[in-house]
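Asker: The following block contains a protein sequence and its predicted model.
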Amino acid sequence: MNTGRQKRMISGTTMFDGDQARKGYALNKMCFSFNSAENRAEFLRDQEAYCSKYGLNEQQRAAVRSLNVLQMLAAGGNAYYLAKLGGIFGLDMQDIGAQQTGMTKEAFKAKLVAAGK
Amino acid sequence: MAKIVGGINVTHVPYIGRAIANNLQQDPYWKPFFDGFPPVHDWLAKVKPDVAVVIYNDHGLNFFLDKMPTFAVGAAAEYNNADEGWGIPTLPPYQGELDLSWHMIDSLVEEEFDIVTCQEMLVDHAFTLPLELFWPQRKSCPVRTVPVCVNTVQFPLPTPARCFKFGQAIGRAIESWDSDARVVVIGTGGLSHQLDGQRAGFINKEFDLMFMEKLISDPLWVTRYSIPDLVELTGTQGVELLNWLTARGALLGEVAKVHANYHVPISNTASGLLCMEAV
């Protein structure tokens, strides 16, 4: 995209803007479908077929296969939609936070508590 | 004309729904959060609102990225909650207030806020859980409701200044509604938190406390920040504070603090509660 505007860079942070929304549409649409229990069950029966149904590209499929949140974000995923995918595997926000920051879950939880001191 | 009795801003996190369902209010993890609410219950019992205008953001239950309105107003007789995909209980429907919905829609468009109108609208935890927190003893919510959804999901987001003005227009719409109803304005979300990226877990207590204080005394203070500034200061989801700012705008004139609570963390979020009334 060439809008002539420079993007604001914030370390460790991706703003879900038009570029991300374009890149991640198929992945986010698949995650949106997980509002339905029937769809969640269908995904679990055959993940590859379900990814094909929503037209995920190879980068997105690899990220979903490995359940790697940073890779899903790089592939255009949005946190709110990805959380629905995380929910299928019983991952809570501290699991997801720990995975992205390379910490243990206990260390990540302790970091949150420390932020309140 | 209708009367605005005041406003309440509060954090919404899906897991509050699970904590309520499992009666964990006095569990050591949840107690500092739930203990914030009794003064708000007392205040609501005193001011007795009939209607709640709830300003919140949808998290992919009603809206997907195929159509993403910046501002949307509900105009339904009833609003249903539904499965959000992360395993929290689905709550019973909430009653609408169609007369106020359409009066707000007319008034907002007249004031050049070209909102999206929704005669069907699913409401997610950001709408339902604050109502459950404010009226916990009721099987069903005792107020009629008008949902107002603000896009905090897909950038560009509306600027803080625009949200404040939108809130003021909502306030003027309520006060010009030909009704003897008593209306409470609710803003939900925030405060600082970031779910995604290497900076996940980011919380900014100093900023949150300043924001809560300034919302009472100088609500335009936060409009000095751009959306990217707010992402940097409060996290990618901390920008949900736009809903608090919109609700504050709707209170129009000067306000006094009735009650406030702040606790870190619930889930990955700095939780805030701020109850305000006109002076």
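Answerer: Nice, thanks for sending it over.
Asker: Would you map the helices across the chain?
Answerer: If you meant another chain, say so; for now it's chain A. Applying DSSP state H to chain A gives helices spanning A:18-23, A:25-32, A:37-45, A:47-53, A:58-66, A:69-74, A:79-88, A:93-101, A:105-115.
Asker: Oops, wrong one, chain B.
Answerer: Going by DSSP H, chain B shows helices at B:14-21, B:31-34, B:38-47, B:98-110, B:125-134, B:160-175, B:205-217, B:227-234, B:241-250.
Asker: Please work out which of those is packed deepest.
Answerer: helix B:241-250 (a mean of 28; mean count of other CB atoms under 10 Å in any protein chain shown). The way it works is simple: take the backbone N, C-alpha and C, and place the C-beta from them, glycine included.
Asker: Give the other helices and strands that that one contacts.
Answerer: Contacts defined by 3 or more CB pairs under 8 Å, 6 or more residues apart in numbering or on different chains; DSSP states H and E place helix B:241-250 against strand B:3-10, strand B:51-56, strand B:144-150, helix B:160-175, strand B:182-188, helix B:205-217, strand B:269-278.
Asker: ok, residues contacting the second one?
Answerer: Where contact means CB atoms under 8 Å, 6 or more residues apart in numbering or on different chains, the residues beyond strand B:51-56 that reach it are B:2, B:12, B:97, B:100, B:104, B:123, B:126-127, B:130-131, B:143-150, B:167, B:170, B:174, B:181-189, B:243, B:246-247, B:250.
Asker: Please find the angle between the direction vectors of that strand and helix B:98-110.
Answerer: 50 degrees (axes from the mean of the first three to the mean of the last three CA atoms, to 10 degrees).
Asker: Contact partners for the residue of chain A found nearest chain B?
Answerer: Closest residue of chain A to chain B, CB to the nearest CB: A:Gly116 (2.8 Å). A:Gly116 sits next to B:203, B:205, B:263-265, B:270 when contact means CB under 8 Å, 6+ apart.
Asker: can you check A:Tyr54 too?
Answerer: In this structure, A:Tyr54 makes contact with A:26-27, A:29-30, A:33, judged by CB under 8 Å, 6+ apart.
Asker: Can you turn the buried part of those residues into a PyMOL selection?
Answerer: Command for PyMOL that selects the buried part of the contacts of A:Tyr54, burial taken from 16 or more other CB atoms under 10 Å in any protein chain shown:
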select buried, chain A and resi 26+27+29+30+33
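Asker: Now distance to A:Val69 and pLDDT too, for the contacts of A:Tyr54, in JSON lines please.
Answerer: JSON lines is the format used below for those (distance: CB to CB, whole Å; pLDDT from 0 to 100):
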{"residue": "A:Ala26", "distance to A:Val69": "17", "pLDDT": "98"}
{"residue": "A:Leu27", "distance to A:Val69": "12", "pLDDT": "98"}
{"residue": "A:Lys29", "distance to A:Val69": "18", "pLDDT": "98"}
{"residue": "A:Met30", "distance to A:Val69": "15", "pLDDT": "98"}
{"residue": "A:Ser33", "distance to A:Val69": "19", "pLDDT": "98"}
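Asker: can I get the contacts of A:Tyr54 in CSV with distance to B:Ala76?
Answerer: What follows is the contacts of A:Tyr54, written out as CSV (distance: CB to CB, whole Å):
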residue, distance to B:Ala76
A:Ala26, 31
A:Leu27, 31
A:Lys29, 25
A:Met30, 28
A:Ser33, 24
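Asker: Just name the closest of the contacts of A:Tyr54 to B:Glu213, please.
Answerer: Ranked by distance to B:Glu213 (CB to CB), the contacts of A:Tyr54 are led by A:Leu27 at 40.1 Å.
Asker: Other residues contacting the helix or strand of chain B with the lowest mean pLDDT?
Answerer: None of the helices or strands of chain B scores lower by mean pLDDT, DSSP states H and E than helix B:14-21, at a mean of 93. Here helix B:14-21 makes contact (CB under 8 Å, 6+ apart) with A:92-93, B:24-25, B:27, B:30, B:33-34, B:84, B:86-89, B:91, B:125, B:128-129, B:132-133, B:136, B:266-267.
Asker: before we move on, the earlier item: with distance to chain B added, can I get the contacts of A:Tyr54 in a markdown table?
Answerer: Shown next, in a markdown table, are those (distance: CB to the nearest CB, whole Å):
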| residue | distance to chain B |
| --- | --- |
| A:Ala26 | 11 |
| A:Leu27 | 11 |
| A:Lys29 | 7 |
| A:Met30 | 11 |
| A:Ser33 | 9 |
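Asker: Can you name the residues that contact A:Cys31?
Answerer: Going by CB under 8 Å, 6+ apart, A:Cys31 touches A:77-78, A:81-82, A:84-85, B:60.
Asker: Setting aside sequence neighbours, what's the nearest residue to it?
Answerer: Excluding the flanking residues, the one nearest A:Cys31 by CB to CB, 6 or more residues apart in numbering or on different chains is A:Tyr81, at 3.7 Å.
Asker: how many other residues sit next to the one you found?
Answerer: 26 (other CB atoms under 10 Å in any protein chain shown).
Asker: picking that back up, of the contacts of A:Gly116, which is the nearest to chain A?
Answerer: Comparing those against chain A with CB to the nearest CB places B:Val264 closest, at 2.8 Å.
Asker: mind checking the backbone torsions on the closest residue to the closest one other than its chain neighbours?
Answerer: Distances taken as CB to CB, 6+ apart put A:Gly116 closest to B:Val264, at 2.8 Å, once the chain neighbours are dropped. Main-chain dihedrals, A:Gly116, degrees, to the nearest 10: phi -90, psi -10.
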